[in-house]
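[1] give me a 3D structure for the following:
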Amino acid sequence: MFDRFHNRTARVAVIGLGYVGLPLAVALAASGYKVVGIDLDPTKIEAVNQGRSYIADVADADLTAQAGRLRATGDYAALNQCDAVSICLPTPLDRTGQPDVSSILASGREIARHLHPGLVVVLESTSYPGTTTELLLPLLEAAAQPHGWRVGQEFFVAFSPERVDPGRTDWTIRTTPKIVAGATENCLAAVQAYYGQVFETLVPVSSPSAAEMAKLFENTYRFINISLANELLLMCDRLGLDCWEVLEAAATKPFGFTRFTPGPGVGGPCIPVDPHFLAWKMRSLNATARFIELAGRINAEMPRFWVQKVQDALNDAGKAVKGSRVLVLGAAYKADVADARESPVVDILQRLLQKGAQAAYHDPYILSLAEMGVPLTAVTDLEGEVRKADCVVIATAHSVYDWSSIAHGAAILVDTRFVVKRGS
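    Next up is the predicted model:
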């Protein structure tokens, strides 16, 4: 039934050419498939077709190497010639904190218009348990019903959560184990045939909902443990203890302990967002996800804590926050990535500006924060800005920084990530 996948003559599509979709499209093409990327952004389409990458984890050479097997378009009609399609679209929270699955619904309607026998549809976008079978599948079944097509027979639906970690090199998209689940047994077999040619290890589970839950739990695990580390910092601060000394001592235990470290908060497109999908789902069932809600409050408190540390440090030096030059190092949500989505540094900068500080930031990867609501562009003369600043805040530990010279050049140093050794 799935010979075209096994012999890699299948044509496949990836909807959404962002941080998840573009690396997936390249990996699919590298495995031998003919791949079409579908995106509504004409600049991305042009870049892919010209072999120019806009994502750090995909080099230009990766695109040019697949020039004969990978192309991009904005036309969903390309699905008519495809054997499989993977949906890699963003699923943020809306302004009320509820899951925004509008992109999944929109793509599902487009796929339904081009549904045909043999098509394998795989959702990769993170969402709450039930999204695949309660939202995506009904759209496809409605289109299939007039033809008498049945899921698991004439077309196939599956869920396989993305596990992309920007900037990571020890685990790649191909080597990271890939969870897969089908709406039926035949659907599971279909996604295994499709992805089995690309990923080294597939991890089948019983249902799309189980796979969706596994993805949310992975990120909730990190979300809650980061909040615990942040609360440790808050407690040690009140007790007059060195949080880093405590962490280093605890981390010497060779079993039963995984080290998480505190910082300016939690950022990125997944960790601060995905757990709230689960919390929302539980509220819809008149239940609560108490750990998630508490962890969210703790993590959200961290930017305020660090701004208070800046205020205290300036006060000890006889200076007010208002009018002081405060330089923040790093705006990305984590080191060595060009991504400020949900970055707590944005909150720190906004709070400093609200207090009247002459706030500035440096980040070699994030040149402007205008789209994030902060009217600042990155300063370029790092050494000069450090010398001029009344206070330097280390927020994101980019490896390009010379921490020793920064520490010696700063009049006042507030370090949220402990990337500078004590006493330096």
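[2] could you confirm residue 393 falls within a helix?
    No - under DSSP: H, G, I helix; E, B strand; the rest coil, residue 393 sits outside any helix and is assigned strand.
[3] if I pick it, what's in contact with it?
    By Cβ atoms under 8 Å, 6 or more residues apart in numbering, the residues touching residue 393 are 306, 310, 326, 327, 328, 329, 348, 414, 415, 416. C-beta: built from backbone N, CA, C; applies to glycine.
[4] kindly report the same for residue 288.
    Residue 288 neighbours (Cβ under 8 Å, 6+ apart): 279, 282.
[5] ok, now residue 325?
    357, 358, 360, 388, 389, 390, 391.
[6] tell me the pLDDT at it?
    pLDDT, residue 325: 97.
[7] try residue 344
    The confidence metric pLDDT takes the value 96 at residue 344.
[8] also the one 5 residues further on?
    We have a pLDDT of 97 for residue 349.
[9] can I assume it sits in a strand?
    No - if the criterion is three-state DSSP, then residue 349 is helix and not within a strand.
[10] for residue 329, see how far away it is.
    When distance is defined by Cβ to Cβ, to the nearest Å, residue 349 is 12 Å away from residue 329.
[11] wait, is residue 237 part of a strand?
    No - assessed with three-state DSSP, residue 237 is helix; it does not lie in a strand.
[12] what's around it, how many residues?
    Counted with other Cβ atoms under 10 Å, the neighbours of residue 237 add up to 14.
[13] for it, give me its contacts.
    The contact partners of residue 237, by Cβ under 8 Å, 6+ apart, come to 243, 305.
[14] surely residue 19 meets residue 55?
    Yes - with contact defined as Cβ atoms under 8 Å, residue 19 reaches residue 55; the gap is 6.0 Å.
[15] low-confidence stretches in the protein?
    Scanning the chain for pLDDT under 70 picks out 418-424.
[16] which residues in it form strands?
    Along the chain, counting by DSSP state E, strands occupy 11-15, 34-38, 70-73, 84-87, 120-123, 156-159, 178-182, 202-204, 325-329, 358-362, 391-394, 413-415.
[17] indicate which one of those strands is closest to residue 222.
    Nearest of the strands of the chain to residue 222, taken as Cβ to Cβ: strand 178-182 at 16.4 Å.
[18] about what we covered before: overlap in contacts of residue 349 and residue 329?
    Residues touching both residue 349 and residue 329 (Cβ under 8 Å, 6+ apart) are residue 361.
[19] can you get me a residue count around residue 286?
    Neighbours of residue 286 under the rule other Cβ under 10 Å: 6.
[20] no wait, residue 273
    Residue 273 has 22 nearby residues by other Cβ under 10 Å.
[21] who's the closest residue to it other than its chain neighbours bridged to?
    Among residues not flanking residue 273 along the chain, residue 93 sits closest, at 5.6 Å (Cβ to Cβ, 6 or more residues apart in numbering). Per DSSP bridges, the residues bridged to residue 93 are residue 99.
[22] relative to residue 41, how far out is residue 93?
    22 Å.
[23] rewinding a little: looking at the contacts of residue 325, spot the one nearest residue 197.
    Nearest to residue 197 out of those is residue 360 (Cβ to Cβ; 49.2 Å).
[24] beta-bridge partners for that closest one, please?
    Assessed by DSSP bridges, residue 360 has beta-bridge partners residue 327.
[25] what number of residues are in the vicinity of it?
    Residues lying near residue 360 (other Cβ under 10 Å) number 18.
[26] which residues touch it?
    325, 326, 327, 328, 376, 379, 385, 389.
[27] now it: how far from residue 390?
    11 Å.
[28] identify the contacts common to those two.
    Both residue 360 and residue 390 are contacted by 325, 326, under the criterion Cβ under 8 Å, 6+ apart.
[29] and the spatially closest residue to residue 140 that is not a sequence neighbour, how many neighbours?
    Leaving aside its sequence neighbours, residue 140 sits nearest to residue 112 (Cβ to Cβ, 6+ apart; 5.4 Å). By the criterion of other Cβ under 10 Å, residue 112 has 17 neighbours.
[30] so residue 112 sits against residue 138, correct?
    No - in this structure, residue 112 is not within contact of residue 138 by Cβ under 8 Å, at 9.6 Å.
[31] hmm, what's the outermost residue in the chain?
    Residue farthest from the centre of the chain, counting by Cα atoms, centre = their mean, is residue 318 at 40.9 Å.
[32] OK, contacts around that one?
    For residue 318, the contact set (Cβ under 8 Å, 6+ apart) is empty.
[33] how about it, phi and psi?
    Per-residue torsions, residue 318: phi 80, psi 30 (degrees, to the nearest 10).
[34] residue 16 reaches residue 88, doesn't it?
    Yes - assessed by Cβ under 8 Å, residue 16 is found in contact with residue 88 at 4.1 Å.
[35] which residues are common contacts for those two?
    Listed as contacting both residue 16 and residue 88 by Cβ under 8 Å, 6+ apart are residue 125.
[36] what's the distance between the residue nearest the centre of the chain and residue 21?
    Residue closest to the mean C-alpha point of the chain, counted by Cα atoms, centre = their mean, is residue 269 at 3.6 Å. Distance of residue 269 to residue 21, computed by Cβ to Cβ: 13 Å.
[37] contact partners for residue 309?
    Residues near residue 309 by Cβ under 8 Å, 6+ apart: residue 414.
[38] thought residue 55 was touching residue 21?
    No - judged on Cβ under 8 Å, residue 55 makes no contact with residue 21 at a distance of 9.5 Å.
[39] who has more neighbours out of those two?
    Taking neighbours as other Cβ under 10 Å, residue 55 and residue 21 compare with residue 21 leading, 26 against 23.
[40] so the more buried one versus residue 335, what's the distance?
    For residue 21, the distance to residue 335 equals 23 Å [Cβ to Cβ].
[41] ok, residue 390 next?
    Residue 390 sits 25 Å away from residue 335 when distances are taken as Cβ to Cβ.
[42] more neighbours: which of these two?
    Counted by other Cβ under 10 Å, residue 390 and residue 335 do not tie: residue 390 has more neighbours, with 21 against 16.
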